[in-house]
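**Student:** Have a look; sequence and predicted model below, questions after that.
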Amino acid sequence: MPPRAPRPSSPVPTGTALHEAIARSFSVHEPPRALSPLRALGRRQLSGVEVMAQSIATTAPAASMIGLPLAMLGTSVLGGVLAIVASVAVMALIALCVSQFTRRLAAAGGLYTFVTKGAGRRRAMTVGVAMAVKYCGSAALTLYQGGQEVIRLLGALGIDARGPAGSAAVHCLVTAVILLVVVRGVRRAMLAILVVELCSLALIVGLLLSGDSGARLPQPGSPASSHATLLLVLSAMFALAGFESAAFLGPEAKRPLVTVTRTVLWTPVICGALFLLAAWAVSSGRAGMLLNAYTGGADGGVDPGLGTALHLGVMCSWLASAMASFNAASHLFYTMAVERILPSPFRRVHATHRTPHGALVAVAVLVCAVCLALNAARHSAAAPPVALRLTVQGALVIAYVLVTLACLRFLARIGESTPLVKVAATLASGAGTALLGSLLFVSVTGHDKVVPAALGAVAVSGVVVVAVLRRLRPGALERVGVFDSAESDDVLPGSASYGRNARGLDSLVRRP
């Protein structure tokens, strides 16, 4: 046999750029000059499962799989099913548009930062206000619902906390516990709650699949509205909303451009499939056992223990959603504080846990105040807080419409637009605009002045905020759009050069 040829000493051919960069890395020792503006949050910590837990927890699938069937009781069977199908389809299109940003940059500001890159500062400020309304309002609503479930379970244990003072104390205590958990880091708490959520979903799916098609469905608590289908569409979209909250954890994810994108795309698909299953169960009559167990317990001919288990699962689902909303809102406020739009206390980060505790405390105070107002309205026999829910849902639609339009402009500017994304963005923005117009029409014809005024304020907020910043903090506008950028430790020493970026910070600007 002829002798073997000797192996090359290096798999990289000499003379190539990579070979020269590796050679320089052994002789050049540069200090860590380029730092990410979001490094205080702790970069590259979270796994894909932990990012997915944040996204799924925000949607509260276990609670939604009971809430949506109850909402369907006020509509026609066909109208209810079509409303949920349309909502799932629209949210999937929006998720496709959002993924165009998440696969290219990681930002703790989520949609707010994405719209900055695609549609400019004014629209970004509008989205920032809309997302603040969405996540703070969602946190208050889910915290209130979760607190009511806690009060119900305490009653089953013989502890009466249904009075105004007792229920207010429960809501304050739950808020304090959630704040403590989120400040210490939600990683373990989210995973634990995700396990409980999966167990609750398994129980709910089992009841839906094994339900008797001839079981009698409970009667709706209120008479059917002529706009019930529109309200159901809003409720379904609001239930699926939160998939984009994974984007707030981009800088903290180990592989942000991969794991966040997968989470954004898969969460609406997974939760949408569960909601479609619930819609099918209602249309076929198989949801009777589940809904009777939740609403009636023993009165519905179902084992009381089953109803208690359902309420426990729904309680965990609501509180997990509130916790995830706390997390998302705090990251949004922290990003705005880093950009000098919000005061400096909002950018304080815990030295040990690397969480934005300054923003978290502000979110907790605001959310608890709204929750106590909801509790007081309930005990004073005032009208239910429908206006708050519709305002939060409308603000969400505004943000989604703007991010789909920003996606078109962003991809066109970088020369990476595709026909699929164009169609998805056009359909999603059109559907969102039509839905928003319908909501305003229903509110105006129903003599509701609060919702149109609130949504009008959100719509013009971008113009107002930018005008105020130009006058009081002109330098802050130059900082808008902060995202996680490469640091010195992310590249081979000597393989890049440093320079001042638009914000006056050292950054990697070019290869030598």
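**Tutor:** Ah, there it is.
**Student:** Count residues in the vicinity of T59, would you?
**Tutor:** Residues contacting T59 under the criterion other CB atoms under 10 Å number 29. Heads up, the C-betas are built off the backbone N, CA and C, glycines and all.
**Student:** In this structure it contacts F243, no?
**Tutor:** Yes - applying CB atoms under 8 Å, one finds T59 in contact with F243, separated by 6.7 Å.
**Student:** contacts for stretch 365-376?
**Tutor:** Applying CB atoms under 8 Å, 6 or more residues apart in numbering, the contact partners of stretch 365-376 are 136-137, 139-141, 143-144, 147, 164, 167-168, 171-172, 175, 322, 326, 385, 388.
**Student:** Buried members of those residues into PyMOL, please.
**Tutor:** One line in PyMOL is enough to select the buried ones among the contacts of stretch 365-376; burial here means 16 or more other CB atoms under 10 Å:
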select buried, resi 136+137+139+140+141+143+144+147+167+168+171+175+322+326+385+388
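**Student:** among the contacts of stretch 365-376, which are in helices?
**Tutor:** 136-137, 139-141, 143-144, 147, 164, 167-168, 171-172, 175, 322, 326, 388 (DSSP state H).
**Student:** so where do the helices sit in the stretch 401-512 of the chain?
**Tutor:** Under the criterion DSSP state H, counting those that start in this stretch, helices of the stretch 401-512 of the chain are mapped to 419-445, 450-472, 474-479.
**Student:** wait, which of those is closest to V338?
**Tutor:** The closest of the helices of the stretch 401-512 of the chain to V338 is helix 474-479. By CB to CB, the value is 7.6 Å.
**Student:** same question for the closest one, mean pLDDT?
**Tutor:** Per-region confidence: helix 474-479 scores 83 on mean pLDDT.
**Student:** Let's test this: name the helix or strand in the chain with the lowest mean pLDDT.
**Tutor:** Evaluated with mean pLDDT, DSSP states H and E, the helix-and-strand set of the chain has its lowest mean pLDDT in strand 506-510, which scores a mean of 58.
**Student:** related to what we said a few turns ago, give the residues shared as contacts by T59 and F243.
**Tutor:** 267, 271.
**Student:** Okay, helices next: where are they in the stretch 101-250 of the chain?
**Tutor:** Across the stretch 101-250 of the chain, reading from the start of the chain, the helices by DSSP H, counting those that start in this stretch fall at 111-119, 121-156, 164-183, 187-210, 228-240.
**Student:** how close does R348 get to G305?
**Tutor:** The spacing between R348 and G305, counted by CB to CB, to the nearest Å, is 46 Å.
**Student:** Give me the more crowded residue out of the two.
**Tutor:** Relative neighbour count places R348 above the other of R348 and G305, with 17 against 11, counting by other CB under 10 Å.
**Student:** give me the number of residues near the nearest residue to that one once chain neighbours are set aside?
**Tutor:** For R348, ignoring the flanking residues on the chain, the nearest one in space by CB to CB, 6 or more residues apart in numbering is G358 at 3.3 Å. A total of 21 residues lie near G358 under the criterion other CB under 10 Å.
**Student:** What of the one 4 residues further on?
**Tutor:** In terms of burial, A362 registers 20 neighbours under the definition other CB under 10 Å.
**Student:** repeat for the one 5 residues further on
**Tutor:** Per other CB under 10 Å, the neighbour tally for V367 reads 28.
**Student:** Now do the buried residues in the host helix or strand of it.
**Tutor:** Per DSSP states H and E, V367 falls inside helix 357-379. In terms of neighbour count (16+ other CB under 10 Å), helix 357-379 has its buried residues at 357-364, 366-368, 370-372, 374-375.
**Student:** residues in contact with G475?
**Tutor:** R340.
**Student:** From R286, how far off is it?
**Tutor:** For G475, the distance to R286 (CB to CB) stands at 60 Å.
**Student:** What of V260?
**Tutor:** From V260 over to R286 the distance is 36 Å, taken as CB to CB.
**Student:** Quick check on these two: which one has the bigger neighbour count.
**Tutor:** Comparing V260 with R286 by other CB under 10 Å, the one with more neighbours is V260, at 32 against 22.
**Student:** Might one say that that one is in contact with R104?
**Tutor:** No - counting by CB under 8 Å, V260 sits too far from R104 to count as a contact (10.8 Å).
**Student:** Tell me how far R39 lies from S485.
**Tutor:** With distances taken as CB to CB, R39 is found 10 Å from S485.
**Student:** The two - which one has more neighbours?
**Tutor:** S485 (19 against 14).
**Student:** Not counting residues beside it along the chain, what's closest to the more buried one?
**Tutor:** The shortest distance from S485 to any non-neighbouring residue, by CB to CB, 6+ apart, is to S36 (5.2 Å).
**Student:** Test my guess that the one you found contacts G250.
**Tutor:** No - here S36 lies out of contact with G250, judged by CB under 8 Å, at a distance of 11.1 Å.
**Student:** Now do the shared contacts for these two.
**Tutor:** Contact criterion CB under 8 Å, 6+ apart; residues shared by S36 and G250: D484.
**Student:** ok, the two, which is more surrounded?
**Tutor:** The residue with the greater number of neighbours, taking S36 and G250 and applying other CB under 10 Å, is G250; the counts read 29 against 19.
**Student:** Now do the contacts for the more buried one.
**Tutor:** Shown in contact with G250 (CB under 8 Å, 6+ apart): 102, 105-108, 256, 260, 483-484.
**Student:** from the chain's centre, how far out does stretch 316-323 sit?
**Tutor:** Put simply, stretch 316-323 sits 12 Å off its chain's centre (CA atoms, centre = their mean, to the nearest Å).
**Student:** what's the answer for stretch 326-339, then?
**Tutor:** A distance of 13 Å separates the C-alpha centroid of stretch 326-339 from that of its chain, computed with CA atoms, centre = their mean.
**Student:** Just the mean pLDDT for it, thanks.
**Tutor:** 94.
**Student:** buried residues in it?
**Tutor:** Along stretch 326-339, the positions that meet the burial threshold by neighbour count (16+ other CB under 10 Å) are 326-339.
**Student:** same check, this time on stretch 76-85
**Tutor:** Going by neighbour count (16+ other CB under 10 Å), the buried part of stretch 76-85 is 80-84.
**Student:** ok, of these, which one's closest to G67?
**Tutor:** I84 (11.8 Å).
**Student:** got the contact list for that closest one?
**Tutor:** Each residue near I84 by CB under 8 Å, 6+ apart is listed here: 68, 72, 232, 236, 275-276, 278-279.
**Student:** what's the farthest-apart pair in the residues you listed?
**Tutor:** Spatial extent of the contacts of I84 (CB to CB) is set by the pair L232 and L276 at 13.5 Å.
**Student:** Looking only at neighbour counts, state which of these two leads.
**Tutor:** Of the pair L232 and L276, L232 is the one with more neighbours under other CB under 10 Å, namely 24 against 15.
**Student:** Quick check: that one vs A247, distance?
**Tutor:** Applying CB to CB, the value for L232 to A247 is 27 Å.
**Student:** neighbours of G185, just the number please.
**Tutor:** G185, neighbours per other CB under 10 Å, totals 17.
**Student:** From what I see, it and H353 are in contact.
**Tutor:** Yes - the pair G185 / H353 is scored as a contact, 4.9 Å apart, by CB under 8 Å.
**Student:** List the residues that contact the closest residue to L179 other than its chain neighbours.
**Tutor:** Excluding its sequence neighbours, the residue lying closest to L179 (CB to CB, 6+ apart) is A364, at 4.3 Å. With contact set as CB under 8 Å, 6+ apart, A364 has these partners: 175-176, 178-179, 326.
**Student:** between those residues, which is closest to A454?
**Tutor:** Distances from these to A454 were compared by CB to CB; the smallest belongs to F326, at 22.0 Å.
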